[in-house]
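Undergrad: Curious how this folds, go ahead:
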Amino acid sequence: MSSPSSNASSGQFTNPFVSAPAAVSATTVQLLNIATHVPIVLDIVESNYAAWSTFFDNTLRKFGLVDHVDGSTDAQSMFLNGEWVQIDHCVISWLYATVSKDIRDMVMKPGHTALTLWTAIRNLFLDNAMHRAVYALQEFHSLYQGNMSIHEYCERLKKLSDTLRDGNIGREYNGFVVTTSIEDQAATSATGAVKGHR
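TA: Now for the predicted structure:
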């Protein structure tokens, strides 16, 4: 498990007075139905990486297994620990079970540890995130409701915003929106003031 100092340096808050959760046993992990904890299948077309990774990360933390994917434990040094290896293979099975066939075909290879598989999946999405986000930003600007129901329209906006967040465009783009809104308000106020003087 990760130490408070390692998490503090990465910017994550940790409580130094609370120990890391104990990992559940390999027997317990084998009996868990991952679909009840990660209720969505990661899919490139659905662009649901943010939701999937949040569910998965939450599940790993809930059961004290985050050290299998966060790099805080060297998998090579754990190969003599039968229970740890068994749990690592369970996490690998969970990962394969919660991604679409297309993604599974892209990342599947023999010899994966949970960390290397988690990283391969993450990189598949985040390496292309900026490219997808540029197209999402363009679609976001040109999207209009048309024949879509309000539910469909809002759902599409949410998917586009998730894609923008995954591409790290959100922070810069939000600043642009705020700046533009303030400038528009100032321009409107100034125009109103000028009209009032006439």
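Undergrad: Run a quick check on Ser25 versus Glu83, I expect a contact.
TA: Yes: using C-beta atoms under 8 Å as the test, Ser25 is close enough to Glu83 to be in contact (7.1 Å). Backbone N, C-alpha and C define where each C-beta goes, glycine included.
Undergrad: Overlap of the contact sets of the two?
TA: None of the residues lies in contact with both Ser25 and Glu83 under the rule C-beta atoms under 8 Å, 6 or more residues apart in numbering.
Undergrad: Which pLDDT does the model give Ala75?
TA: Predicted confidence (pLDDT) for Ala75: 82.
Undergrad: Can you report how many residues neighbour it?
TA: By other C-beta atoms under 10 Å, 17 other residues sit near Ala75.
Undergrad: thought it was touching Thr113?
TA: Yes: contact criterion C-beta under 8 Å: Ala75 and Thr113 qualify, at 4.2 Å.
Undergrad: Report the set of residues contacting both of those two.
TA: Shared between the contact lists of Ala75 and Thr113 (criterion: C-beta under 8 Å, 6+ apart) are residues 68, 88.
Undergrad: Name the residues of the one helix or strand Leu137 maps to that come out as buried.
TA: Using DSSP states H and E, Leu137 maps to helix 129-142. Burial within helix 129-142, assessed by neighbour count using 16 or more other C-beta atoms under 10 Å, is assigned to 129, 132-133, 136-137, 140.
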